[in-house]
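Visitor: Sequence and computational prediction follow.
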Amino acid sequence: MPKPNTRQDEDDIDAALDGIDDAVESELRAVDRALGASEKVSPLDKLPETDSLEEEDAQEVSATLAAFQKNREAERQLVQDTTDSEYWFCVCFQTRTQKEAFLKAVKWFAHGDKYLDGKWVAKQMGVTLPDGKPRFVPIEKHGRIVRELPAIEKAKKQ
């Protein structure tokens, strides 16, 4: 005849389940690390445990809503950063000869005669720029930004 469940049996079962949960969580973190995934913290991970399911549910809903709002703000900032066109300026001379003389005098002509990489120019001038997230990654070849297709470059050389 099976013996009736005791509080000790329930505690043992709870402890075993907690152990399984911890082991699974540990394995999942190991898989994430192996795959190179970042370990992001869920907003639900920081919620305190309570004796009330209703209170925990309300906390989870609030935390989830706050996470969605934070994500929406991050998306708005991404759109702003991506569509902002105020990341350049123009320096004009009276003639092409003046422009080329300037670029040759400061030894920048080899890096472009119309469009120069601002980070490169700042480095040449000893200016430290704040970190920024580029909206695009320039294709570089030998330290120069490639502005033309290889077929056009090849045709120019012939």
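Guide: That came through fine.

Visitor: For Ala63, give its distance to Gly132.
Guide: Per CB to CB, to the nearest Å, Ala63 is found 31 Å from Gly132. C-beta: built from backbone N, CA, C; applies to glycine.

Visitor: The two: which is more packed in?
Guide: Taking neighbours as other CB atoms under 10 Å, Ala63 and Gly132 compare with Ala63 leading, 16 against 10.

Visitor: That one belongs to a helix?
Guide: Yes - under DSSP: H, G, I helix; E, B strand; the rest coil, Ala63 sits within a helix.

Visitor: Can you give me every residue that contacts the nearest residue to it once chain neighbours are set aside?
Guide: Leaving aside its sequence neighbours, Ala63 sits nearest to Pro43 (CB to CB, 6 or more residues apart in numbering; 4.4 Å). Contacts for Pro43 (CB atoms under 8 Å, 6 or more residues apart in numbering) come out as Ala63, Thr64, Ala66, Ala67.

Visitor: Can you give me the pLDDT of Pro43?
Guide: pLDDT for Pro43: 76.

Visitor: how near is it to Ala16?
Guide: With CB to CB as the criterion, Pro43 and Ala16 are 29 Å apart.

Visitor: Find me the pLDDT at the closest residue to Asp113 other than its chain neighbours, would you?
Guide: Leaving aside its sequence neighbours, Asp113 sits nearest to Leu103 (CB to CB, 6+ apart; 6.2 Å). For Leu103, the model assigns a pLDDT of 93.

Visitor: ok, now the one 4 residues further on?
Guide: Each residue has a pLDDT score; the one for Lys107 is 92.

Visitor: ok, back up a step: wait, the residue nearest to Asp113 sits on Phe109?
Guide: Yes - Leu103 lies in contact with Phe109 (CB atoms under 8 Å); the separation is 3.9 Å.

Visitor: the more surrounded of the two?
Guide: Neighbours per residue, other CB under 10 Å: of Leu103 and Phe109, the larger number sits with Leu103, 18 against 15.

Visitor: So the more buried one versus Thr95, what's the distance?
Guide: 13 Å.

Visitor: what's the answer for Leu28, then?
Guide: From Leu28 to Thr95 the distance is 65 Å (CB to CB).
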